[in-house]
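In: make a model of this:
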Amino acid sequence: MRGHDTTVEDVTNNAGLQTVRVSLGLGNDAPLYRIPVGGENYYVSRPFTHQHIYPIGRGTRCYTAYEAQSGRLVLLKDTWRVEAYTREGEVYELLSKNSVHNIPGMKAHGDVQPDEPLQACGQNDGPTRRHVHYRLVLDTVGRALSDFRSTWELVRAVKGALRAHRDATRLRVTHRDISAGNIIIDENGGLLIDWELAKMPDDGEARAYERTGTRQFMSLRLLADPSAPQETRDDLESFVHVFMWTACKHAASTMSAKTRTQALQNYDVEDEGRVRANQVSSWSALDTWELASGKLYGILEELRAALCLRYDADRGRTVDPAEAAKLLTHDWMMELLEEALKDDAWRNLADEAVPYVPYSSTDDTASKKRRASSSVQRDAEMKKRRVSSPL
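Out: The predicted structure is shown next:
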């Protein structure tokens, strides 16, 4: 953690916490810490996230935590929030108060030792914004979107997060960081999390020195024009990119590792979105993915086509206004997903996520060596047969 944190207590050697270890699935040698948040104690071991290893950013760590009072497993988030932004816990309080669906419940939150100088860094009027050490506890840990147990569940999770976004938008709260990591799966569908960058009703214009959001899933409009104001339409487009990226990476298919890796790399290229735009605008792009689920393919193709038509309209091309407006509001996408989820036969298919194995150029080398070795063996066998032949 940045700074000097005396609030974390190492209780690894406390033999009286066996119940905590069992609940967290820890062995006797695993580290164990007690962390206070909002007057309650939580026990954690190692974070299940990895962003904190980078030298820049908010140093966010997320833990599966044991809540001492209830004995339940919850999620504890330890981060360095941007001081100029609304505290994430306060965003959850507003959303919950107004009955926003498909968000986790907020248990506790607060700045860590707010009177301690070492728990803050940076300057609001300087090149490095002021960050404050902060913790948040949510009542749901959930599963990653990439851990879907069926493509039907994947679609239901995206629909749930989209519903949360729609409800929040009606309150004039914009999430502004729709990404694969910010949608989780629980027993009731999908939840939209990580509201720390959300724009609130009373916020002014730009509050940051850089564009907010996750680059791989940012709208093509914002990638092409970083000065453009971020709008609801941009978040909606991010849902499409998250959906397509997750399906490409983890949905069952017969495409080669090379094709899959190249398609995913298109989301990482820093070229103002041109490569990704070409992939989205290609009518045959999804065909090369060779997805096993025809239902999933059909949904993604409709979303891809709607996105193309919207940008065609932006460029002044003749497009049916109703078609161009599909992704300007939540309604059309919600209806598309809800209708698809009515398919009971699809719901009962166990086409779970597959692990992603990146392609490497060494794969081609190894393949060539195997083919060459095989050819040598065949030639040797044929020569042996000719020598032993009585003719």
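
In: now the strands for the stretch 151-300 of the chain?
Out: Secondary structure of the stretch 151-300 of the chain (DSSP state E, counting those that start in this stretch): strands located at 183-186, 189-192.

In: which one of the ones you listed lies closest to residue 239?
Out: strand 183-186 (8.8 Å; CB to CB). All C-beta spots, glycine's among them, are computed from the backbone N, C-alpha and C.

In: okay, now the sheet partners of that closest one, with direction.
Out: strand 143-144 (antiparallel), strand 189-192 (antiparallel) (DSSP bridges).

In: could you pull up the mean pLDDT of the first one?
Out: To tie it back to what came earlier, the one meant is strand 143-144. In this model, strand 143-144 carries a mean pLDDT of 96.

In: so where is this structure shaky, pLDDT-wise?
Out: Counting by pLDDT under 70, the low-confidence segments of the chain come to 1-4, 51-57, 126-127, 204-211, 283, 363-391.

In: could I get the strands of the stretch 151-300 of the chain as TSV with mean neighbour count and distance to residue 349?
Out: Output for these, formatted as TSV (neighbours: other CB atoms under 10 Å; distance: least, CB to CB, whole Å):
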stretch	mean neighbour count	distance to residue 349
strand 183-186	22	17
strand 189-192	24	18
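
In: output these in TSV, with distance to residue 340 appended to each entry.
Out: Shown next, in TSV, are the strands of the stretch 151-300 of the chain (distance: least, CB to CB, whole Å):
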stretch	distance to residue 340
strand 183-186	17
strand 189-192	14
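
In: surely residue 181 touches residue 144?
Out: Yes. In this structure, residue 181 is within contact of residue 144 by CB atoms under 8 Å, at 7.4 Å.

In: could you tell me which residues touch both of those two?
Out: Both residue 181 and residue 144 lack any common contact, where contact means CB atoms under 8 Å, 6 or more residues apart in numbering.

In: just to revisit the earlier point, adding distance to residue 216, write the strands paired with strand 183-186 out as JSON lines.
Out: Shown next, in JSON lines, are these (distance: least, CB to CB, whole Å):
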{"stretch": "strand 143-144", "distance to residue 216": "15"}
{"stretch": "strand 189-192", "distance to residue 216": "17"}
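
In: for the stretch 201-350 of the chain, what spans make up the helices?
Out: Applying DSSP state H, counting those that start in this stretch to the stretch 201-350 of the chain gives helices spanning 220-224, 232-250, 257-265, 274-281, 285-289, 294-314, 321-324, 331-340, 344-347.

In: walk me through the domains of this structure.
Out: Segmentation of the chain into domains, based on automatic domain parsing, reads 10-141, 146-201+212-360.

In: over to the first one now: how far is its first residue from its last?
Out: Start and end residues of domain 10-141 are separated by 23 Å (CA to CA, to the nearest Å).

In: what's the distance between residue 138 and residue 274?
Out: Distance of residue 138 to residue 274, computed by CB to CB, to the nearest Å: 38 Å.

In: more neighbours, these two?
Out: Using other CB atoms under 10 Å as the criterion, residue 138 and residue 274 rank with residue 138 on top: 25 against 13.

In: isn't the more buried one up against residue 74?
Out: Yes. Using CB under 8 Å, residue 138 makes contact with residue 74 at a distance of 6.4 Å.

In: so what sits against both of those two?
Out: With CB under 8 Å, 6+ apart, residue 138 and residue 74 have common neighbours residue 107.

In: please identify which of the strands paired with strand 183-186 is closest to residue 166.
Out: Nearest to residue 166 among those is strand 189-192 (10.1 Å), distances taken as CB to CB.

In: starting at the chain centroid, how far to the closest one?
Out: In terms of CA atoms, centre = their mean, to the nearest Å, the centre of strand 189-192 is set 12 Å apart from its chain centre.

In: which other residues reach it?
Out: 102-104, 140, 142, 145, 156-161, 164-165, 168, 175, 178, 182-185.

In: list only buried entries from those residues.
Out: Buried members of these, scored by 16 or more other CB atoms under 10 Å, are 102-104, 140, 142, 145, 156-161, 164-165, 168, 175, 178, 182-185.

In: give the buried residues for stretch 265-272.
Out: 266-267.

In: quote the end-to-end distance of that stretch.
Out: Start and end residues of stretch 265-272 are separated by 14 Å (CA to CA).

In: then stretch 96-110?
Out: 17 Å.
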